[in-house]
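Novice: Got a predicted structure plus its sequence, pasted below:
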Amino acid sequence: MIIVFMSFLGIVMFIPLLYTVLQSIKPMEEIFIYPPRFWVTRPTFSNFRNVVSLTENMWVPFSRYLFNSVFVTLISTTIQIILSSMAAYPLAKHDFFGKNFFFQLIVLALLFTADVLALPQYILISWLGWVDTYWALILPSGAYTLGVYLMRQNMIGFPDSILESARIDGASEAICFWKIIIPSMKSVWMTMIVFSFGAMWSRSDTTYIYTEQLKGLPTLLSQISASGIARQGVSAATSVILIIPPILIFIITQSNVIESMANSGLKD
């Protein structure tokens, strides 16, 4: 019964994705045909070509939007993974005053959405003079509470005896962290890459970015969609371009994601 229900749920979730892909390869006359058809009879890739030509005629080249999304996503994901790992290590493997309090704050922060923090974050970014710069998108994303939580939970399961043996042999905390802990957290890293990349890749940057040359693909999609139903196929093509990278990353790392979610690391 559970298998049937999960299969049905998977089909329901897959249909909108399939519909978007089909819309992206439909010619204009099939998009407006009545009665509407779900399947495409004469597929074409003209909508994907129109994405490039449309942006060059209206704002900045498509390659600029693509570069902005790739640049911000890669840098932000790297910063999130490094900072989350460094923050999780003392919470998992060291005892200090207020340790549990700080961890509870991190768990509490998971309850807040980005909308709750939007106003104070904008005030801070404006005070720092980062509005309309890459810094407004990259640096605030470094505070990745979900990443800290996942890393801490998996590091707790790592045997303390291995770290103690390394310290007895003269290894510093930096060596214990970079040479022992980090290599054993590969599955968690892959999980964080999936979550972080997906969030940053699909993030709209209109709150802090006003210059067209600094905007990413999600902003381009919203601008194309707002221009009218005549560009429905182009909007679908842009959506397909946006969803391909996260799907590919998940397919490549899915075994690591399942492992990190199912396990809590090594045991003594």
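Specialist: Sure thing, it's come through.

Novice: Okay, Y65 and F71: tell me how far apart.
Specialist: 11 Å (CB to CB, to the nearest Å). Using the backbone N, CA and C atoms, a C-beta is placed for each residue, glycine as well.

Novice: correction: G129
Specialist: Counting by CB to CB, the gap from G129 to F71 is 20 Å.

Novice: between the two, who's got more neighbours?
Specialist: With neighbours defined as other CB atoms under 10 Å, G129 and F71 compare such that F71 has more, 15 against 10.

Novice: Am I right that that one is in contact with T78?
Specialist: No - with contact defined as CB atoms under 8 Å, F71 does not count as touching T78 (11.2 Å).

Novice: low-scoring stretches of the stretch 101-250 of the chain, by residue?
Specialist: Filtered on pLDDT under 70, the stretch 101-250 of the chain yields the residue ranges 227-230.

Novice: According to the record, where do the domains of this structure fall?
Specialist: Here the domain assignment for the chain is 1-44, 60-262, based on automatic domain parsing.

Novice: ok, and which of those has the densest surroundings?
Specialist: Of those, the one with the most neighbours on average (mean count of other CB atoms under 10 Å) is domain 60-262, at a mean of 16.

Novice: What segments of the stretch 151-268 of the chain are helices?
Specialist: With DSSP state H, counting those that start in this stretch as the definition, the stretch 151-268 of the chain shows helices at residue ranges 160-168, 173-175, 182-184, 186-201, 217-225, 232-262.

Novice: Out of those helices, the one nearest L111 is which?
Specialist: Of all the helices of the stretch 151-268 of the chain, it is helix 186-201 that lies closest to L111, at 16.6 Å by CB to CB.

Novice: helices and strands around that closest one, which ones?
Specialist: Contacts defined by 3 or more CB pairs under 8 Å, 6 or more residues apart in numbering; DSSP states H and E place helix 186-201 against helix 62-93, helix 145-156, helix 232-262.

Novice: Columns distance to L17 on top of the helices of the stretch 151-268 of the chain, output as CSV?
Specialist: Formatted as CSV, the helices of the stretch 151-268 of the chain follow (distance: least, CB to CB, whole Å):
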stretch, distance to L17
helix 160-168, 44
helix 173-175, 44
helix 182-184, 35
helix 186-201, 14
helix 217-225, 15
helix 232-262, 7
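
Novice: nearest to L124, of those helices?
Specialist: Using CB to CB, the nearest of these to L124 is helix 186-201, at 19.2 Å.

Novice: hmm, who's touching that closest one?
Specialist: 69, 72-73, 76-77, 80-81, 84-85, 141, 144, 146-147, 150-151, 154, 217-218, 242, 245-246, 249-250, 253, 256-257, 259-261, 263 (CB atoms under 8 Å, 6 or more residues apart in numbering).

Novice: how about that helix as PDB, C-alpha atoms only?
Specialist: This file holds the C-alpha atoms of helix 186-201, laid out as PDB (Å, rounded to 0.1, in the frame of the first residue of the first chain):
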ATOM      1  CA  LYS A 186      32.200  13.300   2.400                       C
ATOM      2  CA  SER A 187      28.500  12.200   2.400                       C
ATOM      3  CA  VAL A 188      27.500  15.200   4.500                       C
ATOM      4  CA  TRP A 189      29.400  17.500   2.200                       C
ATOM      5  CA  MET A 190      27.500  16.100  -0.800                       C
ATOM      6  CA  THR A 191      24.200  16.600   0.900                       C
ATOM      7  CA  MET A 192      25.000  20.200   1.800                       C
ATOM      8  CA  ILE A 193      26.100  20.800  -1.800                       C
ATOM      9  CA  VAL A 194      22.700  19.600  -3.100                       C
ATOM     10  CA  PHE A 195      20.700  21.700  -0.600                       C
ATOM     11  CA  SER A 196      22.900  24.800  -0.800                       C
ATOM     12  CA  PHE A 197      23.300  24.700  -4.600                       C
ATOM     13  CA  GLY A 198      19.600  24.300  -5.100                       C
ATOM     14  CA  ALA A 199      18.700  27.200  -2.800                       C
ATOM     15  CA  MET A 200      21.300  29.600  -4.200                       C
ATOM     16  CA  TRP A 201      20.700  28.600  -7.900                       C
END
